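1. what follows is a predicted protein model with its sequence.
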Amino acid sequence: MTPYATMGKHLGAAAAECLRRVLVLTVGVQHKRFVNATARPREIQHGRLRRILRRNVATEYGRKYGFSGIREIKEFQKRVPIADYESLRPYITRMINGEDNVLTSQKPYQYLITSGTSSEPKLVPVTSSFRKEYAPKLQFYYLYREHPEVFRPGAVLSMVSPVIEGWTPCGVPFGSASGLTYITQNALIRKIFAIPYDVYTIKNAADRYYTLLRLALEQDLRLLIMANPSTIVLLASQLNEHASELIDDVARGTLAAKRSLELDLHSRLSRPLRPNPRRADSLKQILESSGGSLPPCRVWPNLQAVVCWRDASAALYLPELSKTFDNVAAYNLGYAASEGLGTFRLAEFGVEALAITGHFFEFCEEADIDAHRPGAAHELLLCDELELGKRYHIFLTTSGGLYRYHIDDILEVRGFVKKTPVLQFIQKGTNTFSFTGEKLTETQVIDAVRSSAGFGVFDIAYFCAVPVFDKPPYYQLYLETRDERPDGVKIEELARTLDRTLCDLNVEYAAKRASRRLDPIRIAFLRCGFFAEYSRAAHIAKRAAQIKFKHLNPDALFHQILSNRSADEFRATRSHP
């Protein structure tokens, strides 16, 4: 085992077990308190709101909206307007320029960068109180308790983005939520991670993935934890693509991915490496006996669990993950964003309950969102007023300076733990498109492709519906498969089936199709490998954590990228009623 297993220091089995026991004991107490709190969510949430307001009563925002006079939740809802990032941006801009007491009494020590609705990214303030609300230890308590095997040197493989990607004018860093969570872990906990943080700062995506795999190959991995399942799929693909080169590196004790690594970084990462012919021979045997591939479960036979997003469009990757990681426990990462943490997984219940001890939450039914837009004070629902099976937009109030913040996410109530709702992320609210009132959602596109007869026989690598304005308008489904394309007759049949399925899923779509205000959906096949190339280019041009591949994408630039290549890379067809 290489020194990377402990980031240069040894963490023995006894110390690892001691750490696990301490975490189970201390975090277990927090977990028990949370479970007890689920019986009285209104009381707990009222207390959270009072503490947030009291702490920020002397801020400009607090004085403007009378935080000092707010005693009850309804009073808070009458005084304080619903907000989105654009309505808060002027305040946050002043904060990043160095002004104090604007939204928060505590000075932000970090900003989290995330994509926004405009071309300008969002910078979310992080204060010490906000970090306590986020409570990542409680979020992963079930791992501490159920999988003691992860508490070993180099047992956990994760993927994060850099914690520092730049600096505000007043000298406060901004970067990723995943990077901040990684580096703020307890020093002992960080020792269980297989990869040193330096690897995540490599700018070239191909070299970053290669380096991560090169170092991970000599670790006894027990846990994979990555937000986006597409990252896990990509790493498995890269493992096979570079198998021979990786094995040679292991045998020689070298790191070949030096073409874009800075000299000092390459030197730091290479210095602990030693020739490991025994491991290389073992990998060669796996490669030969597996038909030229390196199956992750054979490379790391002690792998216990995989944690990633499993809801909404992420569910499309689940069949491939299940095939790749057969007999490995799979867990949902739950609902979380840079702006806040929404759910905790409760070990004994196996569900994600609303994190009522963190932020203050409000909700409105999905269909009512137009009446609750930012800018005005509205009375919203509280968590104990939600109903089973219904879908809601969620609003956050946090110690990071977000008040009644419309994050534009839709969640569904899947049950209750005592009186606290169990929530599942469904989709982004904005990932709905409408030419003529059809309100087609990404979820409906995903469900239509899943359920349409005929699509199941193809190994689909990627698909995306793009709205095309024409007379009349229509949706074009770009489809990439890993096998041969069907003939023209089959494509026409698939398009008709898909269109009928969308009509079944969406009555408004059916009505607009029947009235001919919408043309039938069309299918265009991308050349094999296109999306992988697009993904690599996007990872290079943009932070990996911020790439949000959609299955309903109205972005004009994305459509232009696809349509400009139609002459020799696509075969488009038009279905008929």
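-> Done, it's in.

2. what lies in contact with stretch 303-316?
-> 143, 147, 149-150, 221-232, 296-297, 318, 321, 325, 328-333, 335, 424-427, 442-443, 446, 450, 549-551 (C-beta atoms under 8 Å, 6 or more residues apart in numbering). The way it works is simple: take the backbone N, C-alpha and C, and place the C-beta from them, glycine included.

3. list only buried entries from those.
-> 143, 147, 149-150, 221-232, 296, 321, 325, 328, 331-333, 335, 424-427, 442-443, 446, 550-551 (16 or more other C-beta atoms under 10 Å).

4. let's see which of those end up in strands.
-> Those of the buried ones among the contacts of stretch 303-316 mapping onto strands are 223-225, 331-332, 424-427, per DSSP state E.

5. considering these, which member attains the minimum pLDDT?
-> In terms of pLDDT, the lowest of those is Q427, showing 84.

6. go ahead and confirm that residue touches Q444.
-> No: using C-beta atoms under 8 Å, Q427 is not in contact with Q444, being 9.5 Å away.

7. find residues that contact each of these two.
-> Joint contacts of Q427 and Q444 (C-beta under 8 Å, 6+ apart) do not exist.

8. pull out the buried residues from the helix or strand L411 falls within.
-> Assigned by DSSP states H and E, L411 falls within strand 405-417. Buried residues in strand 405-417, counted by 16+ other C-beta under 10 Å: 405-413, 416-417.

9. lowest pLDDT pick from these?
-> Ranking the buried residues of strand 405-417 by pLDDT, D408 lands last with 88.

10. and whichever strand or helix holds R345, which strands flank it?
-> Assessed by DSSP H and E, R345 sits inside strand 343-346. The strands beside strand 343-346 in its sheet (DSSP bridges) come out as strand 351-354 (antiparallel).

11. and the longest helix anywhere in the chain, what does it pack onto?
-> Assignment by DSSP state H gives helix 13-37 as the longest helix of the chain. On a contact count with 3 or more C-beta pairs under 8 Å, 6 or more residues apart in numbering; DSSP states H and E, helix 13-37 meets helix 136-139, helix 141-146, helix 187-190, strand 343-346.

12. need the contact partners of it.
-> 11, 44, 135, 137-138, 141, 144-145, 148, 151-153, 188-189, 192, 344, 346-348, 356-357, 417-418, 420.

13. please pick the buried ones from the residues you listed.
-> 11, 44, 135, 137-138, 141, 144-145, 148, 151-153, 189, 192, 344, 346, 356-357, 417, 420.

14. make CSV from the helices and strands packed on helix 13-37 and add mean pLDDT to it.
-> Shown next, in CSV, are the helices and strands packed on helix 13-37 (pLDDT from 0 to 100):
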stretch, mean pLDDT
helix 136-139, 77
helix 141-146, 86
helix 187-190, 78
strand 343-346, 92
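
15. so for D249, which of these sits nearest?
-> D249 sits nearest to helix 187-190 of all the helices and strands packed on helix 13-37, at 24.7 Å, using C-beta to C-beta.

16. quick check: next helix or strand after the closest one?
-> helix 205-216.

17. quick one: mean pLDDT over that following helix.
-> 92.

18. packing partners of it?
-> Partner elements for helix 205-216 (3+ C-beta pairs under 8 Å, 6+ apart): helix 229-241, helix 243-252, helix 530-541.

19. I appreciate the help and will end here.
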